[in-house]
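Asks: Got a predicted structure here, sequence first:
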Amino acid sequence: LSLGNNNISALKNIVELRCFQNLRLLNLDGNPVSKESSYRMCILAYFNELAYLDYSMVTRAEVVTAREQYQDELLDVEEKENLEEEKNSSELAAARYTQTLVDANLTVVQIIFDDMFADDTEILKLRHLPGVSGIMNSFQSEVESASDMFQRDGLARYELKKREETQFELALRQLRAKYANESIDLVTKFGRIKKQTLKSQALKQDVESYDLDPLRVALRELISLLKNLEMRHVEQCEELIGEFEIKYFEVKQACLEGQQGYFRHLEDHETNFIRILTLLVSELLDKAAKDELPGDLPVEISSLLTDRDSCMNAITGSHDIHIGKLYRREDEAKHNEELLFKGALRHYRDEEHVRSRGRISELNDFEGACLNEFSRLTSDRDGDEEAEDKSDEKDDDGEVEMLDKEFDEELELDVPAEDKFTNDLDPANKK
């Protein structure tokens, strides 16, 4: 890396280059920082793998000395780098895990509890009542436990999906390879026939169009065989996709059943949570009516416990919000599962459709190229013959003209002067 003459004036800016772990040559010549007395030792301390600095070879002894000189600074930098690396690794692992949950349609497990209470304004009225916090914590633990179990089973079903996809793709590749080899064999046989035919025709002086008719027939038979082969290929691919669809459908149904069981468990936990909350609030209301509540309760709580209807309506409203959220998340998970199923099948069918269309187009292009080649063979011979005929005609014409010219010159020279016609002669004599 050459950064010479870039007006770099601080060594701390250069330390950022430590992220380039394969850096072996560094040039900073011409920068203000290179004129500092500690420049070389500092650079070698922070970049102990350098082989050249400012195009000067670095020795191992220099590196050892430099690292000893900047030992404390290096420890601080390396500690920060380790923490940053751990942070990046954790973030990367979390991102990969989240993506796995997305692919497996399991993201609901990460948000379901918070989502249930996100818009629950009713529970806020009761949240600070004595004992409510403990009931909510128990409810959260139950939801998390059910979510962990659903996630574990869901990931197992996701792995089953991937295995089915892997096996299907392997079978698809094997099928395509089989038909590709059969096509190659047919084209190779035609290639031998074509070569022999053209070789025999090359020995003939004149190649007529009908001489290549057997080759044209062989080409038509080849294209017909290849297209029939492609039709069988398409049919077997569709059968293979159909088998995959059946197996994938079974896994999808298992996923939907797992989702249904999960949300029913959450619904049961929600019902139990509301039941326990109702008992607790009723008990507090009874104590408030009997004036048995602790005297250190906040005024807002004491006032709330004097209004039984408000408390019970808050519990009912909170329950309705939670159940509504559960139903919406269940519908969303079911919809996503259907999309994943249909998307996988559409991907493979679209891919096969594009491949098949490309193959038919390829066969048509091959047939056209061969026919054009045959046409050129006969047209080139005809063209050569026409060119030869024209050349002969041109040569003949040239000879006649030359003979006429020579004859005229000889006639003019050989006629005596006294025998030449003149205008003075009598017309009868001229004749």
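Replies: Looks like it came in fine.
Asks: List the buried residues for stretch 333-352?
Replies: Within stretch 333-352, the residues that count as buried by 16 or more other Cβ atoms under 10 Å are 333-334, 336-337, 340-341, 344-345, 348, 352. All C-beta spots, glycine's among them, are computed from the backbone N, C-alpha and C.
Asks: and these as JSON lines, adding pLDDT and distance to L3?
Replies: Formatted as JSON lines, the buried residues of stretch 333-352 follow (pLDDT from 0 to 100; distance: Cβ to Cβ, whole Å):
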{"residue": "A333", "pLDDT": "96", "distance to L3": "54"}
{"residue": "K334", "pLDDT": "97", "distance to L3": "58"}
{"residue": "N336", "pLDDT": "96", "distance to L3": "50"}
{"residue": "E337", "pLDDT": "96", "distance to L3": "54"}
{"residue": "L340", "pLDDT": "95", "distance to L3": "50"}
{"residue": "F341", "pLDDT": "95", "distance to L3": "55"}
{"residue": "A344", "pLDDT": "94", "distance to L3": "50"}
{"residue": "L345", "pLDDT": "95", "distance to L3": "54"}
{"residue": "Y348", "pLDDT": "96", "distance to L3": "51"}
{"residue": "E352", "pLDDT": "96", "distance to L3": "53"}
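Asks: So which of these sit within helices?
Replies: Counting by DSSP state H, those place 333-334, 336-337, 340-341, 344-345, 348, 352 in helices.
Asks: low-confidence ranges in the chain?
Replies: Residue ranges of the chain with pLDDT under 70: 379-431.
Asks: center of it - which residue?
Replies: Closest to where the C-alpha atoms of the chain average out (Cα atoms, centre = their mean) is H347, at 12.5 Å.
Asks: how near is it to V354?
Replies: 11 Å (Cβ to Cβ, to the nearest Å).
Asks: Could you do E73 as well?
Replies: From E73 over to V354 the distance is 59 Å, taken as Cβ to Cβ.
Asks: now do D148
Replies: According to Cβ to Cβ, D148 and V354 sit 42 Å apart.
Asks: And Q99, by the same measure?
Replies: Plainly put, Q99 is 27 Å away from V354 if you go by Cβ to Cβ.
Asks: Same question for R96.
Replies: Relative to V354, and taking Cβ to Cβ, R96 is found at 31 Å.
Asks: cool, R67 as well?
Replies: 59 Å.
Asks: So between the two, which is more surrounded?
Replies: Neighbour totals were compared for R67 and V354, and R67 leads with 15 against 10 (other Cβ atoms under 10 Å).
Asks: Now the more buried one: closest residue in space that isn't a chain neighbour?
Replies: Leaving out its chain neighbours, the residue that sits closest to R67 by Cβ to Cβ, 6 or more residues apart in numbering is A45, at 5.1 Å.
Asks: Got the phi and psi for that neighbour?
Replies: Main-chain dihedrals, A45, degrees, to the nearest 10: phi -70, psi -40.
Asks: Could you do D291 as well?
Replies: phi 60, psi 40.
Asks: From the contact counts, what lies against the helix or strand harbouring L222?
Replies: Taking DSSP states H and E as the criterion, L222 maps to helix 213-289. Judged by 3 or more Cβ pairs under 8 Å, 6 or more residues apart in numbering; DSSP states H and E, the packing partners of helix 213-289 are helix 132-202, helix 308-414.
Asks: Same list (those helices) but as CSV, adding distance to D296.
Replies: Below are the helices and strands packed on helix 213-289 laid out as CSV (distance: least, Cβ to Cβ, whole Å):
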stretch, distance to D296
helix 132-202, 17
helix 308-414, 20
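Asks: closest to E300 out of those?
Replies: helix 308-414 (12.0 Å; Cβ to Cβ).
Asks: Show me the contact partners of stretch 321-328.
Replies: In this structure, residues lying in contact with stretch 321-328 by Cβ atoms under 8 Å, 6 or more residues apart in numbering are 112, 115-120, 122, 263, 266-267, 270.
Asks: What ranges does the stretch 1-150 of the chain have for its strands?
Replies: Using DSSP state E, counting those that start in this stretch, the strands of the stretch 1-150 of the chain run over residues 25-26, 52-53, 56-57.
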